[in-house]
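show me the folded form of this:
(2 chains)
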Protein chains: 2
Amino acid sequence: MRAALLATGTELTRGELINSNAAWLSERLTELGFEVIEHAVVPDDSEQIASTLARFGREVKLVVCTGGLGPTSDDLTAAVVAQVMGVPVLRHEATLARIQERYRKAGVVMPAINAKQADVPEGARVLDNDVGTAPAFAVRIGQAESYFLPGPPREMQHLFETYLVPDLAHRVQRTTHQIHMRIFGLPESVVAEKLATIDKGGANARPGVTIGYRAHFPEIEVKVHARAADEASATALANEVATEARGLIGHYAYGGRHDSYPFYVAKLLTEKKKKVALAESCTGGLLGRLLTDPPGSSAYFVLSAVVYANSAKRGLLDVPGELIEQHGAVSTEVAAAMAEGALEKAGTDLAVSITGVAGPTGGTPDKPVGTVCFALAQRGQKTVAERRQLQGSRERVRMLSAYVALSLIAGAIEGAP
Amino acid sequence: MRAALLATGTELTRGELINSNAAWLSERLTELGFEVIEHAVVPDDSEQIASTLARFGREVKLVVCTGGLGPTSDDLTAAVVAQVMGVPVLRHEATLARIQERYRKAGVVMPAINAKQADVPEGARVLDNDVGTAPAFAVRIGQAESYFLPGPPREMQHLFETYLVPDLAHRVQRTTHQIHMRIFGLPESVVAEKLATIDKGGANARPGVTIGYRAHFPEIEVKVHARAADEASATALANEVATEARGLIGHYAYGGRHDSYPFYVAKLLTEKKKKVALAESCTGGLLGRLLTDPPGSSAYFVLSAVVYANSAKRGLLDVPGELIEQHGAVSTEVAAAMAEGALEKAGTDLAVSITGVAGPTGGTPDKPVGTVCFALAQRGQKTVAERRQLQGSRERVRMLSAYVALSLIAGAIEGAP
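Residues are numbered from 1 along each chain as shown, chains lettered A, B, ... in the order given. Predicted coordinates:
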């Protein structure tokens, strides 16, 4: 069943506020089985609001509109809805009493201006708002059941759960299911090529299945969306194709919807009861920050020595000064010494290091911007180091460097007995 | 002049991604003098995209469309635009060569699928993208100059500034000017109270001036927006009121539009030729990361000892084990020892430390979640330490902790001779 969203507010069309309500409502409506075919945002302008509502009344079965229910002169929603429906605006006495009571409880007399919030189009169903003054209401416009909710997210979400969910849950039969996975280490186009056989038009494509991609630099999210006769069939279909997709992508695929790569590596470390130490240079602490984002990170994280200056590499991790002089701070030799120094200081199972040229300056013909060296030191094993040439801005080189180091940790653990 | 925005992507209409591009574009177009009368968001669906573009072609003079220019099967924009215009899609050979070159430089052969990104509607003006593979292009649809930009914000913003700003700047007469400043250390309501006299309705309010607020946790952005007969008068008016605003806010105000607090502190350190060392615990490297975001950070940043485990506090910074046993790892005593240890190891002018309970677990009645201790050690001066009770989620406590430490650095430098 098709749904559309309308948000009103000049603060939105001037870019002073981000319309986060749209994403929240879309996610909830999609979960409830609706197909959201449009979000519209218009200024506090009667004509714009009216023409959008009239259009949605022809195009969809459900409209959720947010904003414009406040007490000030730029709050136009009730009046415009009445105009579109060709009915007058009426004062809803029970709502007026509720608003007055709300002010009385706060020890304040209701400002006269707020009486306007009790005005609703004739025939509207009033949805009591027990978390704010603005009432919500529902009317039918064209073929669309149309709900009008206040703009503040907390009030809007509360009213949605209280009134819309019970109203809507029985109106649609869920027939879709979506499975998310994440990928690090392959470009989006390579992932798409690997999945081409099971995507639309491919030799092994299944009817009703679409594959979607989203970049969360430096990760890629792949979504397998299945539509079938009923929800159980859709879930089975999505699972089947997701398993195939994981097979085609190989070990680059991990996790589900909310599992970023750092969280995935944190889970690996926790499960395998491994402790890690870091030695960072060009990332400046970013890798430590990523590995300590998950709650409970003290289970696996001991330290990160952020040794930005050469003196710090010597002073904090005992990297020999001659090694730096001979090979340069950005070298596999220094990376190895940093990782070994961190392993030694921390007494952990493993340590990884990063040293590189993040840019925009500091590059040389031998070691241009984006040159980054990594090492992995493990207790009782030979240290391995590698040099990579990464692309992009300072910010991207730093983020990508942290992710490469994470992949070294993941590789060490997954390869472990 | 009326403008409208279109964003395409099923990930948007399913609520998996917030359309932050709309706010950014609206703000820039408003600054350039346009009136944005609608944002529309539609799924990757040819019919929906086509009907919205056709409608905008009747309603506005400028359309900016984002998304749908990638290489995968759900990227439909070029084909739909061609269909709306009634022209074929043509392969743009120069763009194909540019994309291939981009891959060649990265040491990879271009996947065949990416060739699609060089397809544009016949007659389109191609806008070279030097920060990604997706090209941008411009066409006329109805009465609207229509620009099609990639969805990733970084690419979109770069192309907007490179191509649209020069194209559009002469099309409208600017009569407004906006000045941005940032604030850390005061709640938004206190800032609003301080500025009440110069805001609308205040005793010293100027006609044509509005003051806007936006939270960028933990910073607040204040915008002084002035409208006058012409751009020069608006600029003068905005400058005058902004100076007053800075006076009312005091030393909490700094910088301009793009000066986040870490960049501001980095500039202070660079200008005063001071070098800094850090000792971090609960922030896990976040402070080091923030201070090394600015290019050229090696001028002032030496090291950060991220000593998460107690063993690391001892092993890397020589914090006495008895001190930790006696006062606990989260204490002003241990914070002081951490800062002094970092100063000693790094040989810098100053060092700051952070040790706290970021949560969600680990709190005690004495030291609940959000308890964070800080210290500032300076060569030849007495170390000062303080304990704060911060509010919010793990993520917010960590970010706020890093900002408090930045304010200690700023205070030490600005107080220095």
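
right, is the lowest-mean-pLDDT helix or strand in chain A up against chain B?
Of all helical and strand segments in chain A, the minimum by mean pLDDT, DSSP states H and E falls on strand A:209-216, at a mean of 84. Yes: shown here: strand A:209-216 in contact with chain B (Cβ under 8 Å from any Cβ of the partner chain) through A:210-215. Quick note: C-beta positions are derived from backbone N, CA and C, even for glycine.

near chain B, which residues of the stretch 51-200 of chain A?
Checking the stretch 51-200 of chain A against chain B by Cβ under 8 Å from any Cβ, the hits are A:52, A:187-190, A:192-193, A:196, A:199-200.

same thing but 7 Å
A:189-190, A:192-193, A:199-200 (Cβ under 7 Å from any Cβ of the partner chain).

which two among those are spaced furthest apart?
Distance extremes for those: the farthest pair is A:Val190 and A:Lys200 at 18.3 Å, using Cβ to Cβ.

more neighbours, those two?
Taking neighbours as other Cβ atoms under 10 Å in any protein chain shown, A:Val190 and A:Lys200 compare with A:Val190 leading, 17 against 14.

show me the contacts for that one.
Residues in contact with A:Val190 (Cβ atoms under 7 Å, 6 or more residues apart in numbering or on different chains) are B:Pro111.

so it, which of the three states?
helix (DSSP: H, G, I helix; E, B strand; the rest coil).

and the contacts of stretch A:139-155?
Against stretch A:139-155 from outside (Cβ under 7 Å, 6+ apart): A:9, A:20-21, A:24, A:53, A:56-58, A:60-67, A:69, A:77, A:81, A:84-85, A:121, A:123-124, A:129, A:131-132, A:134, A:136-138, A:156, A:159-160, A:164.

of these, buried ones?
Among the contacts of stretch A:139-155, the ones that count as buried by 16 or more other Cβ atoms under 10 Å in any protein chain shown are A:9, A:21, A:24, A:53, A:56-57, A:60-67, A:69, A:77, A:81, A:84-85, A:121, A:124, A:129, A:132, A:134, A:136-138, A:156, A:159-160, A:164.

tell me which residue of the stretch 51-200 of chain A lies closest to chain B.
A:Ser189 (4.2 Å; Cβ to the nearest Cβ).

so what's that residue scoring on pLDDT?
Looking at A:Ser189, its pLDDT is 84.

so how many other residues sit close to it?
A:Ser189 has 22 nearby residues by other Cβ under 10 Å.

correct me, but it touches B:Val109?
No: in this structure, A:Ser189 is not within contact of B:Val109 by Cβ atoms under 7 Å, at 10.9 Å.

packing partners of the least confident helix or strand of chain A?
With contacts taken as 3 or more Cβ pairs under 7 Å, 6 or more residues apart in numbering or on different chains; DSSP states H and E, strand A:209-216 sits against helix A:188-195, strand A:219-227, helix B:10-13.

who's in contact with the longest one?
Think strand A:219-227. By Cβ under 7 Å, 6+ apart, strand A:219-227 touches A:175-184, A:188, A:191, A:208-214, A:234, A:237-238, A:241-242, A:245, A:260-261.

quickly check: the helix or strand following that strand near chain B or not.
Counting by DSSP states H and E, the next helix or strand C-terminal to strand A:219-227 is helix A:231-249. No: figure legend: helix A:231-249 not in contact with chain B (Cβ under 7 Å from any Cβ); closest approach 13.8 Å.

kindly provide the distance from the nearest residue to A:Leu237 once chain neighbours are set aside to A:Lys367.
What sits nearest to A:Leu237 in space, not counting adjacent residues and going by Cβ to Cβ, 6 or more residues apart in numbering or on different chains, is A:Ala226, at 4.0 Å. In this structure, A:Ala226 and A:Lys367 are 48 Å apart, going by Cβ to Cβ, to the nearest Å.

same check on A:Arg182?
Taking Cβ to Cβ, one finds A:Arg182 at 31 Å from A:Lys367.

by contact count, what packs against the helix or strand hosting A:Ala22?
Secondary structure from DSSP H and E places A:Ala22 in helix A:20-31. Contacts defined by 3+ Cβ pairs under 7 Å, 6+ apart place helix A:20-31 against strand A:2-8, strand A:35-42, helix A:153-159.

turn those into a markdown table, columns for mean pLDDT and distance to A:Arg379.
As requested, the helices and strands packed on helix A:20-31 are exported to a markdown table (pLDDT from 0 to 100; distance: least, Cβ to Cβ, whole Å):
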| stretch | mean pLDDT | distance to A:Arg379 |
| --- | --- | --- |
| strand A:2-8 | 97 | 55 |
| strand A:35-42 | 96 | 53 |
| helix A:153-159 | 91 | 49 |
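
would TSV of these with distance to B:Ala358 be doable?
Below are the helices and strands packed on helix A:20-31 laid out as TSV (distance: least, Cβ to Cβ, whole Å):
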stretch	distance to B:Ala358
strand A:2-8	35
strand A:35-42	35
helix A:153-159	25
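
select, out of those, the one closest to A:Leu268.
Here helix A:153-159 is closest among the helices and strands packed on helix A:20-31 (Cβ to Cβ), at 34.6 Å.

give the next helix or strand downstream of that closest one.
Following helix A:153-159 toward the C-terminus (DSSP H and E): helix A:165-169.

give the buried residues for that next one.
A:Leu168.

direction included, what does the next helix-or-strand element following it pair up with?
Next along the chain after helix A:165-169, taking DSSP H and E as the criterion, comes strand A:176-183. Note on strand A:176-183: by DSSP bridges, its sheet partners are strand A:219-227 (antiparallel), strand A:253-254 (antiparallel).

how about a markdown table for those, with mean pLDDT, mean neighbour count and distance to A:Leu278 added?
A markdown table is the format used below for the strands paired with strand A:176-183 (pLDDT from 0 to 100; neighbours: other Cβ atoms under 10 Å in any protein chain shown; distance: least, Cβ to Cβ, whole Å):
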| stretch | mean pLDDT | mean neighbour count | distance to A:Leu278 |
| --- | --- | --- | --- |
| strand A:219-227 | 91 | 22 | 20 |
| strand A:253-254 | 93 | 21 | 21 |
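
can you name the residues in contact with stretch A:49-60?
A:2-4, A:6, A:8, A:37, A:40, A:42, A:63, A:76-77, A:80-81, A:83-84, A:141-144, A:146.

can you show me the helices along the stretch 251-400 of chain A?
A:261-271, A:286-292, A:310-317, A:321-327, A:332-346, A:394-414 (DSSP state H, counting those that start in this stretch).

who are the packing partners of the longest one?
What that stands for is helix A:394-414. helix A:261-271, helix A:286-292, strand A:350-356, strand A:371-378.

most packed of those?
Stretch with highest mean neighbour count among these: strand A:350-356 (a mean of 30; mean count of other Cβ atoms under 10 Å in any protein chain shown).

so what touches it?
Here strand A:350-356 makes contact (Cβ under 7 Å, 6+ apart) with A:274, A:276-283, A:287, A:329-330, A:334-335, A:338-339, A:342-343, A:371-378, A:401, A:405, A:408-409, A:412.

strands paired with it, and their directions?
According to DSSP bridges, strand A:350-356 has these partners: strand A:276-280 (parallel), strand A:371-378 (antiparallel).

what's the spacing between the first one and its chain's center?
Remark: strand A:276-280 is offset 27 Å from the chain centroid, using Cα atoms, centre = their mean, to the nearest Å.
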